[in-house]
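*Asks:* Sequence first, then the predicted structure:
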Amino acid sequence: MIISSLSRTTWTFLSLIVILSLLQKNQIYVHGFPTETCSSRDRKYTHNGVCCYMCPPGYRVESHCQLNLDDSSCKPCPQGYFQGDWNSQTDCFRVNLCNKSHEHVAEEANKDGTSDNTCACDVGYEYSGSGERCRKAALTVIVTPRSHITDVTTTNALSSSSWSWFWSSSSLLPSPTPKTGSKVSTGDSSKLTIHILVALLCSFIFFVILGLALWRYRKKIRVCIKQQENRKQIGKACIFAHMFS
């Protein structure tokens, strides 16, 4: 009986030692499968054989945990420093000042210490080389062909204005015909029509007045010629009569 009780006590003690050793290794196995792990994927880390929880972004570890699966003591990052992820670091990273040559801060870091400054090169410069320094960008010339529609519109505008001026000066030429496929606006066509009508009307009035004047003048000349023939002499008043007889 004594021997059996001692053997049971021994086995119990050995089992406790095995369990404690597994705990120190941060995992307990049941039927060959782990039931608890200490991994960064679970926001945990191992320190001196003890599994501790990480500190959140914007904080650093001030002191590690002493008990398994316990929280570490975290402290916020000071101004000008940051931690962008869950971490087990005892120090924060210094914020990038973006003070290299031809470099500036494109986006400022968060005030809670959870992000870094975003840097960018000045206009006309780009990052190059292993040092990530800003160097003058290569000159790139982009040639964009002029649009066919733009050319046609410009040509039509010039031709329309030219025709309008020409028709305001002369009414004896045929009506201009736009090229096939060109675009002439309604306003331009109406203006051109008005110019044509005004020119035709002015021409008609001019020829009517000129015809009446010639007819009246010719009548007076005939009368003058008859008077001079009766007097057997040609006076100065009818000196141009022979030109129209």
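*Replies:* Cool, the structure landed.

*Asks:* pLDDT weak spots in the chain?
*Replies:* Residues of the chain that meet the criterion pLDDT under 70 lie in 1-11, 13-14, 16-36, 131, 140-188, 227-245.

*Asks:* what ranges do the strands span in the protein?
*Replies:* Assigned by DSSP state E, the chain shows strands spanning 29-30, 33-34, 44-47, 50-53, 59-63, 70-71, 73-76, 81-82, 93-94, 103-107, 118-121, 125-128, 133-136.

*Asks:* Can you give the strand pairings for the third one, parallel or anti for each?
*Replies:* The reference is to strand 44-47. If you go by DSSP bridges, strand 44-47 pairs up with strand 50-53 (antiparallel).

*Asks:* Output the strand it pairs with in CSV with nothing but the alpha carbons.
*Replies:* Taking C-alpha atoms only, strand 50-53 is exported to CSV below (Å, rounded to 0.1, in the frame of the first residue of the first chain):
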residue,chain,number,x,y,z
VAL,A,50,6.6,34.1,-20.6
CYS,A,51,3.9,35.0,-23.2
CYS,A,52,2.9,38.6,-23.0
TYR,A,53,0.4,40.8,-24.9
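
*Asks:* The nearest residue to residue 50 once chain neighbours are set aside - how many residues pack around it?
*Replies:* The spatially closest residue to residue 50, leaving aside those adjacent along the chain, is residue 68, at 5.4 Å (C-beta to C-beta, 6 or more residues apart in numbering). Every residue, glycine included, has its C-beta placed from N, CA and C. Applying other C-beta atoms under 10 Å, we find 15 residues neighbouring residue 68.

*Asks:* And the one 5 residues further on, by the same measure?
*Replies:* A total of 12 residues lie near residue 73 under the criterion other C-beta under 10 Å.

*Asks:* dump the residue contacts of it.
*Replies:* Residue 73 makes contact with 61-65, according to C-beta atoms under 8 Å, 6 or more residues apart in numbering.

*Asks:* and it, bridged to which residues?
*Replies:* For residue 73, the beta-bridge assignment (DSSP bridges) gives partners residue 63.

*Asks:* Could you check how far residue 78 is from residue 137?
*Replies:* Computed as C-beta to C-beta, to the nearest Å, the residue 78 to residue 137 distance reads 37 Å.

*Asks:* So which of the two has more stuff around it?
*Replies:* When neighbours are counted by other C-beta under 10 Å, residue 78 and residue 137 differ, and residue 137 comes out ahead with 14 against 11.

*Asks:* The more buried one contacts residue 123, doesn't it?
*Replies:* No: using C-beta atoms under 8 Å, residue 137 is not in contact with residue 123, being 9.0 Å away.

*Asks:* mind listing the helices in this structure by residue range?
*Replies:* Assigned helices in the chain, in chain order: 2-24, 148-169, 186-230, 241-244 (criterion: DSSP state H).

*Asks:* Please name the residues that touch residue 90.
*Replies:* The neighbours of residue 90, taking C-beta under 8 Å, 6+ apart as the test, are 60-62.

*Asks:* Thanks again, I'm all set now.
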